[in-house]
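Q: missing the sequence, but the structure's below:
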C-alpha cells in the first residue's frame, strides 16, 4: 500500500510538472505570438487547466502549509528561467504570496465547513491564485512580446473580426439594408446609387462607383478594388485606421497589450475557475471511492446565539 507521504509527493510532483509545461509552452508562444500557433495554445490551456485542478486537490488534501510551500515556490518562480526580469520576479512574488494566502483561507474555511463540503473552501483558494497567475502571464507578455513583433493583424486576427461581424450583421442591416458581409464593394455601391438615383444609366453608375471607391481609399487609407467583399474592406480599413492611431503611442503598445490580455483572461477565468473546481471535486470523490483518500472527523466548536431565562 502507498503511504500518505508518497501520495502527497505524487500530487506535488504533478503540480510542479504541469507548471513547468505551462511556463515552457508560454515561453515558446509569446515571442512568436500568433493565433495560428494552435499546438502551443492548446498546450498552454491544457497545462493551465490541469494545474488549476491539481491546486484545488492540494487545497482539499494538504493540511500543513509546510508540506506545500516548497513546491509552491518552485511553481511561482519557475517561469524566471524563461522570463528573467525584475517585472516578472515581482509578479511571481505576488503569485507566491497570494497563493499562500489562498491556501490558508481554504484550509480555514475547510475547518468551518460541515460534512466535508468542498465548494466553499475551494472558492477561497482557487480564484485568487488564478487572478495572480494571470498577472504573471500579463507580465510575461509585456516582456516577450515587444512592440516590434506586435502587429494589429496578430492581435485582431481576420477570422475573429469576421466572426464578430457575422453576429453583428443583423444590427448593421437594420441601419443599412444594403449591407451584407459577403457582398462585393461594387454590388454594395451600385445598390446604394440605385436607391438614390433609380433612373441612372450603367455608365453613370460605373463612374459613380469608381469615384466613390477613390474617395473611400482616402478615408480608409488602403487600396480598394471593386471585387473586394465588404468584410475584407471593413477589416483592412479598421486595421489601417488603428495603425495610424497607434503609431503615436507605439512605445506603450506592449503595456496596453499586457493590460488587455489581463482583462480578457480575467473575464474568461470565471467559467475556467468554476469548471476546474467541479472537476477537482469529482476527482476527489473518485479517489474516495477507490480508497485513495478518506474522511477524517475533527471536533468543531459551534457557537450559537439563543434566548436566556435570566431576564
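A: That came through, no problem. For clarity, every value in this text was computed on a predicted model and none was experimentally measured.

Q: can we go C-alpha only for contacts and neighbour counts from here?
A: Noted.

Q: which strands or helices does the regular element (helix or strand) spanning residue 125 pack on?
A: Using DSSP states H and E, residue 125 sits within helix 119-144. Applying 3 or more Cα pairs under 8 Å, 6 or more residues apart in numbering; DSSP states H and E, one finds that helix 119-144 contacts helix 38-61, helix 86-111, helix 253-289.

Q: show me what the last one is packed up against.
A: Counting by 3+ Cα pairs under 8 Å, 6+ apart, the packing neighbours recorded for helix 253-289 are helix 38-61, helix 119-144.

Q: please state the offset of that helix from the chain centre?
A: In terms of Cα atoms, centre = their mean, to the nearest Å, the centre of helix 253-289 is set 8 Å apart from its chain centre.

Q: pull out the buried positions in it.
A: Judged by neighbour count using 16 or more other Cα atoms under 10 Å, the buried positions of helix 253-289 are 253-255, 257-259, 261-262, 265-266, 269, 272-274, 276-281, 284.

Q: same deal with the second one?
A: By neighbour count, and taking 16+ other Cα under 10 Å as the criterion, the buried residues in helix 86-111 are 88-89, 91-107, 109-110.

Q: the first one too?
A: Of the residues in helix 38-61, those scored as buried under the neighbour-count criterion (16+ other Cα under 10 Å) are 40-41, 43-44, 47-60.

Q: so, low pLDDT: which residues of this structure?
A: Along the chain, segments meeting pLDDT under 70 span 1, 33-37, 113-116, 145-151, 154-155, 218-223, 244-253, 297-311.

Q: count of neighbours near residue 190?
A: Using other Cα atoms under 10 Å, residue 190 has 16 neighbouring residues.

Q: tilt between the helix holding residue 125 and helix 253-289?
A: Per axes from the mean of the first three to the mean of the last three Cα atoms, to 10 degrees, the angle that helix 119-144 makes with helix 253-289 is 150 degrees.
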